[in-house]
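Participant: what would the 3D arrangement of this be:
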Amino acid sequence: MKPVHVTALNDQSIIRWMATEMALSDSSLGEGPILWEHPSVPFLQCTGIDIHLQNGSVYRMLSQLDDGNTGGYIGLYLTVREVIDTPCSFEAGSIYRTRELSELPVGVATVTVTESDGQNTVSRIDIVVGGRTVSCWAAEVDERADGSFNINVGDESILVQVDRLRPAHLPFEWE
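Facilitator: Numbering: from 1, shown residues only. You can find the predicted model right below:
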């Protein structure tokens, strides 16, 4: 899949967001449940986000570390999707779940690259849709030994906010 610059979303009408969400904590010490959100972490954490457009196209937003095999892109970039993910049954103990992000706005998008280190090294973008701002960072949440959390900027996950807050988690059903 050839990478596409995130600005390809400019002036496109987004009708649906799907994502593979990654938990903040996997409870590896067996001391509690898997944590999907925490008051000290104002982000939704994803490994990839499928952005469905009104014209039938689907882009997948990914984030890549500089590992020498990135196709020229580091941080946030898009790929064109031909096979579309659907929500899947949650497996007990898994730190991943695929679901629709109904808490993100839909409509015509305007993309601004807010942090970059060159044309194809994008670490943060803002996508304005219907007057609301979806911010995406190439970053990842790590749990510290004391149970607190650290944000690693420039990592291979995608952290998402809407209007500078963690997107409101709405109830959804697994199919």
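Participant: ok, and what's touching stretch 103-115?
Facilitator: Here stretch 103-115 makes contact (C-beta atoms under 8 Å, 6 or more residues apart in numbering) with 6-7, 9-17, 122-130, 132, 134-135, 137, 160, 162, 167-170. C-beta here means a position set from N, CA and C on the backbone, and glycine is covered the same way.
Participant: and the helix or strand hosting R124, what does it pack against?
Facilitator: Assigned by DSSP states H and E, R124 belongs to strand 121-129. Using 3 or more C-beta pairs under 8 Å, 6 or more residues apart in numbering; DSSP states H and E as the contact test, the elements touching strand 121-129 are strand 74-80, strand 107-116, strand 132-143.
Participant: that strand to strand 74-80, inter-axis angle?
Facilitator: Comparing the axes of strand 121-129 and strand 74-80 via axes from the mean of the first three to the mean of the last three C-alpha atoms, to 10 degrees yields an angle of 60 degrees.
Participant: in strand 121-129, what's buried?
Facilitator: 121-125, 127-129 (16 or more other C-beta atoms under 10 Å).
Participant: follow-up on the earlier one: and of the helices and strands packed on strand 121-129, who's closest to L53?
Facilitator: strand 107-116 (8.8 Å; C-beta to C-beta).
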